[in-house]
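Asker: kindly generate the corresponding structure for this input.
(2 chains, ligands or ions: 2)
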Protein chains: 2
Amino acid sequence: PVKPIEEELVYLRDEFAATKEVREEHAKMSQLYHQLQSKCKAEMTRHKRKFRGLKKDIQNIPKSQHDDQIRGLDREIKDYLSRIHDVESRLPGNNGLYLRLIVGDLNVTLPTSELKRKYKESYEEWKLGISIAIAIFSVFNLIFSHRLTDALHYFLILWFYCTLTIRESILVANGSRIRGWWVSHHYISAFLTGIHILWPADAHEYMRFRTKFVVLSLMISIVQIIQFTYQSGLLYRLRSLRKVDFLHITVDGIPSWAVSSKDALALYVVTPFLMIIYAYQFYPLHRSSHALDVNRAY
Amino acid sequence: PVKPIEEELVYLRDEFAATKEVREEHAKMSQLYHQLQSKCKAEMTRHKRKFRGLKKDIQNIPKSQHDDQIRGLDREIKDYLSRIHDVESRLPGNNGLYLRLIVGDLNVTLPTSELKRKYKESYEEWKLGISIAIAIFSVFNLIFSHRLTDALHYFLILWFYCTLTIRESILVANGSRIRGWWVSHHYISAFLTGIHILWPADAHEYMRFRTKFVVLSLMISIVQIIQFTYQSGLLYRLRSLRKVDFLHITVDGIPSWAVSSKDALALYVVTPFLMIIYAYQFYPLHRSSHALDVNRAY
Ligand SMILES: CC(C)(COP(=O)(O)OP(=O)(O)OC[C@H]1O[C@@H](n2cnc3c(N)ncnc32)[C@H](O)[C@@H]1OP(=O)(O)O)[C@@H](O)C(=O)NCCC(=O)NCCS
Ligand SMILES: CC(C)(COP(=O)(O)OP(=O)(O)OC[C@H]1O[C@@H](n2cnc3c(N)ncnc32)[C@H](O)[C@@H]1OP(=O)(O)O)[C@@H](O)C(=O)NCCC(=O)NCCS
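Answerer: Numbers count the residues shown, from 1 in each chain, chains lettered A, B, ... in the order given. Ligands and ions are numbered 1, 2, ... in the order given. Here you go, the predicted model:
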């Protein structure tokens, strides 16, 4: 029975030897590519420093003199800075402090815009998946009330917000124009969930607050699910139109002309839901400040 | 005052134009490199599947027949598999389920062994930093007892273990031979810290257990700090000897011959501490099982 195996091994040995070239080319190109990246990065850093310095010089010029001329220069400098930002979004080393604390000096930039788009899509899908899971937990906890599922629910939310901040930092490092307040409100959400977890589960006020929290969590996940249809619609258009290519300045943003009237419609659908949830968020806020007063007394 | 700025801008414009070549070369090479990676990855996956199939065929051969011959074939196949693993550790797509859940389909592999070593070093330094922070919190909480610092302490530990699992998954994706039980005991630690956080802080048993937990946390961080000197010693030797290069099979592991008698000595120093902490860990385990009984009654 050893004979056929030996024959097969001879064959595999040859096959492996045949890919020697690819393997060696890859090893060599890794080194070269890494060198080129460092070089390009250094150049962009240099450009950026100089253009920024010039921008500051312009701001120091007293107003009302040569106004038009200055505005023209300013616009040109901004244009250069955005081109530099665009090149940098394909280079490593854009990790902010938060990302450096968690994954360290890893290169999180995706090299092509195609990969960036795919990453954004998988981020939306991941958000959808976890939102559905949280919605299920919420419904379950509305009907039943058990310490264990409560805890699982809270930790899932905590994990969700923490991971959300990681993924969004990665998107930002890849040049996404995702809003600052959007990212920072997830840090705050994670923090508040942490406080909620610490709340002793046998306190009287806790039980009164619990239902409100679960309803809030359910509503947020439903809004997230609705938002997904809006966001994925935009991403789908982006892909089908193939309007974002390598030379395009906003590498994987959604330029305003790509937003058709259909999106505007979708936005009109999303907005009322957001309004409702904002209004609802103030109610437990009021309740909880009351509860905190009680707690402080205790 | 506009004149010198205009002159400077003309100069910067030329400078920027001068790096056009580097920028374009980088954009082109990104594409090429990515294609080569995909190709190489596909080849390695194919090789791996075939060699693994052959390995299974060998295992199916009844023993005591051609024993020596089979052992020889087996060894050769294992050698090929380890060479394939080595190439794969420089290619993207080694993310396990955990890493895919958190950062998604990001390429976390570092392209050169130099970068891998640096990443390992920064991981050790990061562990050291957080361990020192945890030790400080522990000492503080041993002396004082406040709800807020308690909570910060627990969440820091929770965050530490969660991030540890992320970083270790990245190391594993980079071909580190870090032990499975070592990684998994951090998942368990994170889970247990979560349970500890849920523990109502006003329960009577909690206060009795609290001091033990803080002492344990202090001891673990001290052991971590001691371990750091051992690990960083190994990494330092690795770097100074420059014995690990691109062609070396265990890309960034520490081969046994690199471990000198001085390390063995360090290991002798580390081991007693580990023993003490293992012994100590059983004590609160016993206590907490008692506490759980009390809790269940309640
Ligand atoms: C109004 C809204 C739904 C859509 O805004 P929009 O007009 O699509 O925003 P833009 O297209 O200018 O987005 C700018 C960037 O942010 C991203 N972005 C916007 N909303 C986002 C969201 N909800 N999740 C993730 N990314 C988002 C866009 O994709 C884009 O990133 P890109 O540069 O990588 O393409 C959204 O921005 C918003 O306001 N969300 C807040 C929802 C909220 O308050 N929820 C509360 C309950 S948790
Ligand atoms: C004994 C010990 C200190 C050293 O072991 P060692 O002989 O250096 O292990 P090896 O060199 O074979 O290590 C294999 C891999 O695991 C890594 N590794 C070993 N111990 C590690 C640790 N404590 N932290 C991180 N990585 C570790 C090594 O760096 C190596 O990775 P590489 O392939 O990327 O180079 C360590 O392995 C150990 O047992 N740690 C457990 C400590 C413990 O029980 N702590 C309890 C308190 S939390």
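
Asker: use CA for all of it now, contacts and neighbours both
Answerer: Fine.

Asker: distance-wise, check the spatially most central residue of chain A relative to A:L99.
Answerer: With distances taken as Cα atoms, centre = their mean, chain A has A:E168 as the residue nearest its mean C-alpha position (1.9 Å). Distance of A:E168 to A:L99, given as Cα to Cα, to the nearest Å: 10 Å.

Asker: in terms of pLDDT, where does A:R167 sit?
Answerer: You'll see A:R167 listed with a pLDDT of 92.

Asker: which secondary structure element contains it?
Answerer: Here A:R167 sits within helix A:147-173, counting by DSSP states H and E.

Asker: next, the angle from that helix to helix B:147-173.
Answerer: Interaxial angle, helix A:147-173 versus helix B:147-173 (axes from the mean of the first three to the mean of the last three Cα atoms, to 10 degrees): 60 degrees.

Asker: give the other helices and strands that helix A:147-173 contacts.
Answerer: Judged by 3 or more Cα pairs under 8 Å, 6 or more residues apart in numbering or on different chains; DSSP states H and E, helix A:147-173 is in contact with helix A:97-103, helix A:113-143, helix A:180-198, helix B:97-103.

Asker: most packed of those?
Answerer: Sort those by mean neighbour count, taking mean count of other Cα atoms under 10 Å in any protein chain shown, and helix A:113-143 sits at the top with a mean of 18.

Asker: do that one and ligand 1 come into contact?
Answerer: No: judged by Cα under 6 Å from any ligand atom, helix A:113-143 makes no contact with ligand 1; its nearest approach is 7.1 Å.

Asker: quick check: mean pLDDT of that helix?
Answerer: For helix A:113-143, mean pLDDT rounds to 88.

Asker: can you give me how far that helix is from the chain middle?
Answerer: Relative to its chain's centre, helix A:113-143 lies at 12 Å (Cα atoms, centre = their mean, to the nearest Å).

Asker: mind checking pLDDT for the nearest residue to A:G194 once chain neighbours are set aside?
Answerer: Distances taken as Cα to Cα, 6 or more residues apart in numbering or on different chains place A:L158 nearest to A:G194, at 6.8 Å, with adjacent residues excluded. As predicted, A:L158 sits at a pLDDT of 90.

Asker: ditto for A:R100
Answerer: Turning to A:R100, the model gives it a pLDDT of 89.

Asker: list the contacts for the residue nearest to it when sequence neighbours are not counted?
Answerer: Sequence neighbours aside, A:L106 is the residue nearest to A:R100 in space, at 7.9 Å (criterion: Cα to Cα, 6+ apart). Contact analysis of A:L106 by Cα atoms under 8 Å, 6 or more residues apart in numbering or on different chains lists A:G93, A:R100, B:V108, B:L110, B:Y119.

Asker: now the residues you listed in CSV, with distance to A:F16?
Answerer: Output for those, formatted as CSV (distance: Cα to Cα, whole Å):
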residue, distance to A:F16
A:G93, 36
A:R100, 39
B:V108, 26
B:L110, 24
B:Y119, 30
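
Asker: and of the residues you listed, the nearest to B:A173?
Answerer: Nearest to B:A173, judged by Cα to Cα, of the contacts of A:L106 is B:V108 at 7.2 Å.

Asker: out of the helices and strands packed on helix A:147-173, nearest to B:D150?
Answerer: Distances from B:D150 to each of the helices and strands packed on helix A:147-173 were compared using Cα to Cα; the minimum, 10.5 Å, belongs to helix A:180-198.

Asker: quick one: distance of that closest one to the chain centre.
Answerer: The answer for helix A:180-198 is 15 Å, by Cα atoms, centre = their mean.

Asker: helices or strands next to it in the packing?
Answerer: For helix A:180-198, where contacts count as 3+ Cα pairs under 8 Å, 6+ apart, the packed elements are helix A:147-173, helix B:180-198.

Asker: how about the closest residue to A:I77 other than its chain neighbours, secondary structure?
Answerer: Spatial nearest neighbour of A:I77, chain neighbours left out: A:F51 (6.5 Å); criterion: Cα to Cα, 6+ apart. Put simply, A:F51 is helix when judged by DSSP: H, G, I helix; E, B strand; the rest coil.

Asker: could you list the low-pLDDT ranges of chain A?
Answerer: A:1, A:64-65, A:200-206, A:238-298 (pLDDT under 70).

Asker: what residues go with each domain of it?
Answerer: Residue ranges for the domains of chain A, per automatic domain parsing: A:2-88, A:101-297.

Asker: got a markdown table for those domains, with distance to B:W182 too?
Answerer: Shown next, in a markdown table, are the domains of chain A (distance: least, Cα to Cα, whole Å):
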| stretch | distance to B:W182 |
| --- | --- |
| domain A:2-88 | 31 |
| domain A:101-297 | 19 |
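
Asker: of all the ones you listed, which lies closest to B:A42?
Answerer: When these are compared by Cα to Cα, domain A:2-88 sits nearest B:A42, at 10.9 Å.

Asker: hmm, that closest one in reach of ligand 1?
Answerer: No: Domain A:2-88 stays clear of ligand 1 (Cα under 6 Å from any ligand atom), getting no nearer than 11.8 Å.

Asker: then stretch A:220-237?
Answerer: Yes: against ligand 1, stretch A:220-237 shows contacts by Cα under 6 Å from any ligand atom at A:I220.

Asker: buried residues in that stretch?
Answerer: A:220-228, A:230-231, A:233-235 (16 or more other Cα atoms under 10 Å in any protein chain shown).

Asker: could I get these as a markdown table with secondary structure?
Answerer: Shown next, in a markdown table, are the buried residues of stretch A:220-237 (three-state DSSP):
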| residue | secondary structure |
| --- | --- |
| A:I220 | helix |
| A:S221 | helix |
| A:I222 | helix |
| A:V223 | helix |
| A:Q224 | helix |
| A:I225 | helix |
| A:I226 | helix |
| A:Q227 | helix |
| A:F228 | helix |
| A:Y230 | helix |
| A:Q231 | helix |
| A:G233 | helix |
| A:L234 | helix |
| A:L235 | helix |
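
Asker: still on that earlier bit, now the residue nearest to A:R100: phi and psi?
Answerer: With angles defined as degrees, to the nearest 10, A:L106 sits at phi -80, psi 150.

Asker: how near is it to ligand 2?
Answerer: Distance, A:L106 to ligand 2, using Cα to the nearest ligand atom, to the nearest Å: 16 Å.

Asker: equivalent analysis for A:I226, please.
Answerer: A:I226 is 43 Å from ligand 2, by Cα to the nearest ligand atom.

Asker: what helix or strand does A:V108 sit in?
Answerer: Per DSSP H and E, there is no helix or strand for A:V108.

Asker: ok, it touching B:T109?
Answerer: No: in this structure, A:V108 is not within contact of B:T109 by Cα atoms under 8 Å, at 10.0 Å.

Asker: now do the shared contacts for these two.
Answerer: With Cα under 8 Å, 6+ apart, A:V108 and B:T109 have no common neighbours.

Asker: where's the closest residue in space to A:K50 that isn't next to it in sequence, which helix or strand?
Answerer: The shortest distance from A:K50 to any non-neighbouring residue, by Cα to Cα, 6+ apart, is to B:L12 (7.7 Å). Assigned by DSSP H and E, B:L12 belongs to helix B:2-18.
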